[in-house]
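Q: sharing a model prediction with you, sequence too.
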Amino acid sequence: MNRRIFLPLLLIAFVSGCTEESTEKQPTPSFIQGAEVASFASSSRSNTTEKLIPLGSKLTFYSQGGIQAEERELSYNGTSWEGDFQTKWGNTPQKATVTAFCPPLYRDQHNFYQDGQLRDQLMAQGEYAYKESITLSFRHLFAQICFTVSNKLNPQISQIEFTPTVSVSDISPETGEITYQRTAPSLYMEHNEEGKYSFLIPPTSQSIHIRLHTTTGSIHESTLETYPFQSGYTYTCPLKLSGELQGISTVEDFIAFTYLINGENYGNRSLEEFGEKTGERMTYYLNEDLTFTPEEAARVKMIGNYGIGSTTQKEAFNDVFDGQGHSLNNLRFEQPVNGSYYAGLFSGISATGVVRNLILSQAVYDKAQDTKKAAFLAGINLGEINHCILRDCTIENLRDDGEFGNISSRNEGIIANCQLLNIRFKNEVKVGSGITRYHYGKIINCAVNNCQFKKTSMGGGLICNLIKNGEIQNCYVSGNISQCYAICQQVQESNVIRCCFYPQSYTKAPIGNDYPNTPSDSLLKYGNQQAVTEKKLPQVLNQWVSGNGKRLFPTLSLSTWEQGETLPAVLVSP
């Protein structure tokens, strides 16, 4: 789970993309066990077990109901918790409500700080049925915050002073409920080369005042706006100089991004360098056109691991990737991935994920083995792909049973305002698919131009190979149709295919099998009442955008078209 906050400064921009992450010597019988600690969650990934509590650790044990215990001190022997008192169930069959604290927390304890920092307090809570064995599972009681300082700013810092507006004054042993006071000690941290400054904070709404002491003696300061921090979560807040662009600006940045978004470390880099919080999601930005050498392309990680079968893991991209009209050039899709996963730059885009305004240019797909469900952009799309362009890309080798779609192998979401330009199969494949192989969602306002699918032994479709309960509207194709159908090779069940232009020179049917619901005005040529030519095509496409498109898709941003130098219509950049 991610939470990020933004904080404009006069001299320093704290782009605080706060990422919320789910951070007895007992005589026989010995029935209090359990020493696992749930971690502060990392990035947008799931919580994991961080560690086991070390041998010899102590806790205080409180219980009400079937077990009565008040501030009993227990020690961990590696298997169970034991103490110098008899912990046992009473004679009345009732459940026990248990709370345990490690390190020990005492009822009369009032100081929870050491050198200005909150000490990490672990707590386990649970209700247990009568005579049930007690297994403790610990979590962090406080929240954690990590300020990551940019590479430009960090060398200028000699010391950072953090002052939260809230501190802990008491903790209830029975419930773990925290009592706060509206003052807090300042915490001073000396400069470190890594540029990461982490500490614990009370899990409540508060702000943090930050003072940066520089090596020149000047001080920059501002305040992180009030934010509702939660117990057991970590929040990552980048600090950078005013004017520093948030986003991916170099090839090395992009490689780092592909590691970090998958939950893998990459030096001292952090995801928050590359984006900002927008609503409940993070938006990552591509700030420059990037060109990759073969060696650099080999280091790019596939984003996510979305499994094919019901039993495989399904880690999809949940956020927004905004290419801002920039291109990734010369990517090579050669690295092996697990054959049970969808493959592409993004393995999968989730129902909440968006990839937009991105160009892939001169990409090469070269995998005769490995997974068969592949694409240049997204193996499977459940979300939105908007205003993305693939141009001058080549499919060199593909599995004999490969299910390749250039934008997505399988589309269950929305693909809008996208264009394929000069895509070709170098070697023969069974089926050529333009935008997607299997289409179960919506393809709106898209085009496929000059794509060479001549080497397809079983044909295909320039828009898709198969459509089932899907929708295709306001799309056009041009160029040599070869063995493929202009729109789709196979149509199954109920679909909407309207307003799709293809050149009159095509003598082959636009769809490979009979389309049962074709109205008399022709779905595929904007109606017989209007003669559509390539010269008029931009005008006709735009009429649909401003008319039916706006009415049918009021929440979808639809791009307009203009006459291209060599193409009948090209997308207008947003």
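A: All right, it came through fine.

Q: give the residue spans of the protein that score low on pLDDT.
A: The chain contains residues with pLDDT under 70 at 1-30, 41-50, 428, 455, 457, 481-482, 514-531.

Q: so where do the helices sit in the protein?
A: Along the chain, the stretches classed as helices by DSSP state H are 251-260, 294-297, 537-544, 550-552.

Q: and those: which comes nearest residue 435?
A: helix 537-544 (16.1 Å; CB to CB). Every residue, glycine included, has its C-beta placed from N, CA and C.

Q: which of the residues in that closest one are buried?
A: By 16 or more other CB atoms under 10 Å, the buried positions in helix 537-544 come out as 537, 538, 540, 541, 542, 543, 544.

Q: distance to residue 200 added to these, as JSON lines?
A: Listed next are these as JSON lines, based on distance: CB to CB, whole Å:
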{"residue": "537", "distance to residue 200": "61"}
{"residue": "538", "distance to residue 200": "59"}
{"residue": "540", "distance to residue 200": "62"}
{"residue": "541", "distance to residue 200": "57"}
{"residue": "542", "distance to residue 200": "56"}
{"residue": "543", "distance to residue 200": "60"}
{"residue": "544", "distance to residue 200": "56"}
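
Q: who wins for proximity to residue 103 among the helices of the chain?
A: helix 251-260 (32.6 Å).

Q: for the closest one, buried residues please.
A: Neighbour count says helix 251-260 has 251, 253, 254, 255, 256, 257, 258, 259, 260 buried, by 16+ other CB under 10 Å.

Q: reformat those residues as JSON lines; add distance to residue 219.
A: JSON lines is the format used below for the buried residues of helix 251-260 (distance: CB to CB, whole Å):
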{"residue": "251", "distance to residue 219": "36"}
{"residue": "253", "distance to residue 219": "30"}
{"residue": "254", "distance to residue 219": "35"}
{"residue": "255", "distance to residue 219": "36"}
{"residue": "256", "distance to residue 219": "31"}
{"residue": "257", "distance to residue 219": "33"}
{"residue": "258", "distance to residue 219": "38"}
{"residue": "259", "distance to residue 219": "35"}
{"residue": "260", "distance to residue 219": "31"}
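
Q: nearest to residue 230, of those?
A: Residue 230 has its nearest neighbour among the buried residues of helix 251-260 in residue 260, at 22.4 Å by CB to CB.

Q: find the nearest non-adjacent residue to that closest one, please.
A: Spatially, and ignoring its direct neighbours in sequence, residue 260 is nearest to residue 271 (4.6 Å; CB to CB, 6 or more residues apart in numbering).

Q: got it, and residue 160?
A: In space, residue 160 is closest to residue 189, 5.0 Å off (CB to CB, 6+ apart).

Q: tally of neighbours for that neighbour?
A: Neighbourhood size, residue 189 [other CB atoms under 10 Å]: 17.

Q: same check, this time on residue 492
A: When neighbours are defined as other CB under 10 Å, residue 492 has 12 of them.

Q: specify the beta-bridge partners of it.
A: The partner list for residue 492 in beta bridges (DSSP bridges) reads residue 468.

Q: quick one, what contacts it?
A: 466, 467, 468, 469 (CB atoms under 8 Å, 6 or more residues apart in numbering).

Q: distance of the closest residue to the last one other than its chain neighbours from residue 467?
A: Using CB to CB, 6+ apart and skipping the chain neighbours, the partner closest in space to residue 469 is residue 493 (5.3 Å). Summarising the geometry, the distance separating residue 493 from residue 467, computed by CB to CB, to the nearest Å, is 9 Å.

Q: so these two - more neighbours on which side?
A: residue 467 (29 against 10).

Q: now stretch 545-555: buried residues?
A: The neighbour-count criterion (16+ other CB under 10 Å) identifies 545, 549, 552, 553 as the buried residues of stretch 545-555.

Q: ok, which pair from the residues you listed is furthest apart?
A: Maximum pairwise distance among the buried residues of stretch 545-555 (CB to CB): 10.6 Å, between 545 and 552.

Q: any idea how far apart the tips of stretch 261-274 sit?
A: With CA to CA, to the nearest Å applied, stretch 261-274 spans 10 Å between its terminal residues.

Q: repeat for stretch 238-248
A: 15 Å.

Q: figure out how far that stretch is from the centre of its chain.
A: Averaging C-alpha positions (CA atoms, centre = their mean, to the nearest Å) puts stretch 238-248 20 Å from its chain's average.

Q: may I see the buried residues of it?
A: Neighbour-count burial for stretch 238-248, with 16+ other CB under 10 Å as criterion, is recorded at 238, 239, 240, 244, 246, 247, 248.

Q: ditto for stretch 312-327
A: Using 16+ other CB under 10 Å as the test for burial, stretch 312-327 gives 314, 315, 316, 317, 318, 319, 320, 321, 322, 323, 326, 327.

Q: ok, stretch 216-236 next?
A: Buried residues in stretch 216-236 (16+ other CB under 10 Å): 220, 222, 224, 227, 229, 230, 231, 232, 233, 234, 235, 236.

Q: quick check: end-to-end length of that stretch?
A: 27 Å.

Q: just stretch 236-245 next, same as before
A: From its first residue to its last, stretch 236-245 covers 18 Å (CA to CA).

Q: please renumber so the chain begins at 40
A: Okay, using 40 as the starting number, the last item reads as stretch 275-284.

Q: how's the chain carved up into domains?
A: The domain map for the chain lists 40-281, 290-610, with the assignment taken from automatic domain parsing.

Q: and those, which is most packed in?
A: Of those, the one with the most neighbours on average (mean count of other CB atoms under 10 Å) is domain 290-610, at a mean of 20.

Q: circling back: dump the buried residues of stretch 351-366 to TSV, plus distance to residue 460.
A: Output for the buried residues of stretch 351-366, formatted as TSV (distance: CB to CB, whole Å):
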residue	distance to residue 460
353	32
354	31
355	27
356	24
357	29
358	27
359	24
360	21
361	21
362	16
365	16
366	12
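
Q: any idea how far residue 268 is from residue 551?
A: Going from residue 268 to residue 551 by CB to CB gives 57 Å.

Q: do the same with residue 134
A: Here the distance between residue 134 and residue 551 works out to 65 Å (CB to CB).

Q: now swap in residue 253 and tell me
A: From residue 253 across to residue 551, the span is 68 Å (CB to CB).

Q: and if you look at residue 491?
A: 19 Å.
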